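>>> okay, here's the prediction I keep looking at, along with the sequence it came from:
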Amino acid sequence: MLVEILKGKVARFSKVCSVTGEEYKVDAPMADCEKWKGGELIQNAMPYLDKDQREFLISENTPAEWDAMFAGSEE
């Protein structure tokens with residue numbers, strides 16, 4: 001996963017999805033990233049991100065990659 005800092009205020013996390021071949025990106029304010037990296041739960045530090053976006057930051061798997069990993073499993 002590539003992490004870019006945009007104008008010193010926003011972190012952009014991105015990677016090319018191995019399933020779709022498309023770039024998947026999530027942007028978050030640096031202050032919130034620092035809270036998360038400092039130990040705050042990601043859902044508390046970045047409540048505006050949806051579960052797929054938060055999972056991407058944690059595991060580096062895109063939603064399509066998760067779907068492919070668990071294809072055929074029952075929920």
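All right, it came through fine.
>>> going by C-alpha atoms from here, please, whenever you check contacts or count neighbours.
Noted.
>>> return the distance of the lowest-mean-pLDDT helix or strand in the chain from the chain's centre.
Here the helix or strand of the chain ranked lowest by mean pLDDT, DSSP states H and E is strand 2-6, holding a mean of 92. Strand 2-6 sits 12 Å away from the centroid of its parent chain (CA atoms, centre = their mean, to the nearest Å).
>>> same thing with stretch 62-74?
For stretch 62-74, the distance to the chain centre is 16 Å (CA atoms, centre = their mean).
>>> state the mean pLDDT of it.
Taken as a whole, stretch 62-74 carries a mean pLDDT of 87.
>>> and if you look at stretch 38-50?
When the per-residue pLDDT values of stretch 38-50 are averaged, the result is 97.
>>> buried ones in that stretch, by neighbour count?
Using 16 or more other CA atoms under 10 Å as the test for burial, stretch 38-50 gives 42, 45-46.
>>> how long is it from one end to the other?
20 Å (CA to CA, to the nearest Å).
>>> also stretch 19-33?
27 Å.
>>> what separates it from the chain centre, distance-wise?
Relative to the chain's own centre, stretch 19-33 is displaced by 5 Å; criterion: CA atoms, centre = their mean.
>>> from the buried residues of stretch 38-50, which is closest to A68?
Of all the buried residues of stretch 38-50, the one sitting nearest A68 is I42; the distance, using CA to CA, is 24.1 Å.
>>> ok, that closest one touching E55?
No. Taking CA atoms under 8 Å as the contact criterion, I42 and E55 are not neighbours in contact, 9.3 Å apart.
>>> re the thing from before, so which of the buried residues of stretch 38-50 sit within helices?
Cross-referencing the buried residues of stretch 38-50 with the helices (criterion: DSSP state H) gives 42, 45 as the overlap.
>>> can you lay out the buried residues of stretch 38-50 as TSV showing distance to E23?
As requested, the buried residues of stretch 38-50 are exported to TSV (distance: CA to CA, whole Å):
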residue	distance to E23
I42	22
A45	24
M46	21
